[in-house]
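Participant: Predicted model, plus sequence, below.
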Amino acid sequence: MKWLAVDYGDARTGLAACDASEAVTAPITPQIEEKSMNKAAAAAAEAAARRGAEGLVCGLPRNMDGSEGARAAKSRRFAQRLADAAGLPVVLWDERRTTVSAAAILAGNDTFGAKRKERLDSVSAAVILESFLHWRSLHPGETPPDCVLPQPRTDEP
């Protein structure tokens, strides 16, 4: 199944995708450079449609103790807008320490400065997607624990 992962941020939103076999993940560049939550959700939904994504994963920034703060609430709002824009359920996935992992990956590839900034959120999205796909491989057929469903459209007759 093709998945698109999203690492939502206030200024930049990273994207990553996997192949239909769920074996290969890759960051998508360029990242979405958009401050409007609605426009970022629409751009991510458009990227998902272009790639034929059948599922969406959105990072959920929990605190280190597992609790949720203001940033997680904002990501939940974004996930709902993404689900509505794409017409697909969105899996919310714990993204603790993904930016640290992504920065280490980029440093290991000698990617610093402006190039690092251009890629960090998309590499973070790839780390989120790899974590989710690993869970799927261990839980075949199970529904992920935290999903947001598209709201029914009220403008249709």
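Facilitator: Everything's here; your move. Numbers count the residues shown, from 1 in each chain.
Participant: only C-alpha atoms for contact and neighbour calcs from this point on.
Facilitator: OK.
Participant: what's next to the longest strand along the chain, contact-wise?
Facilitator: Using DSSP state E, we find that the single longest strand of the chain is strand 25-33. With Cα atoms under 8 Å, 6 or more residues apart in numbering as the test, strand 25-33 has contacts from 11-19, 40, 43-44, 118-119, 121-123, 125-126, 129-130.
Participant: what's the offset of it from the middle of its chain?
Facilitator: 10 Å (Cα atoms, centre = their mean, to the nearest Å).
Participant: same check, this time on stretch 57-68
Facilitator: On Cα atoms, centre = their mean, the centre of stretch 57-68 falls 13 Å from that of its chain.
Participant: pLDDT (mean, whole number) over it?
Facilitator: For stretch 57-68, the mean pLDDT works out to 89.
Participant: So the closest residue to Met1 other than its chain neighbours, which state does it fall into?
Facilitator: Computed as Cα to Cα, 6 or more residues apart in numbering, the closest residue to Met1 that is not its neighbour in sequence is Ala20, at 4.4 Å. The three-state assignment at Ala20 reads coil, by DSSP: H, G, I helix; E, B strand; the rest coil.
Participant: before we move on, back to that, just the buried residues from the contacts of strand 25-33, in ChimeraX please.
Facilitator: Provided next is the ChimeraX selection string for whichever of the contacts of strand 25-33 are buried by 16 or more other Cα atoms under 10 Å:
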select :12,13,14,15,16,17,18,40,43,44,118,119,121,122,123,125,126,129,130
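Participant: Narrow the contacts of strand 25-33 to those in strands?
Facilitator: Going by DSSP E, the strands hold 12-18 from those.
Participant: What count of nearby residues applies to Asp62?
Facilitator: Not quite, residue 62 is Arg, not Asp. Arg62 is flanked by 19 other residues according to other Cα atoms under 10 Å.
Participant: Please shift the residue numbers so they start at 37 in all later answers.
Facilitator: Done: numbering now begins at 37, and the last item shifts to Arg98.
Participant: ok, how many other residues are close to the closest residue to it other than its chain neighbours?
Facilitator: Closest residue to Arg98 apart from its sequence neighbours, by Cα to Cα, 6+ apart: Glu104 at 5.0 Å. Residues contacting Glu104 under the criterion other Cα under 10 Å number 13.
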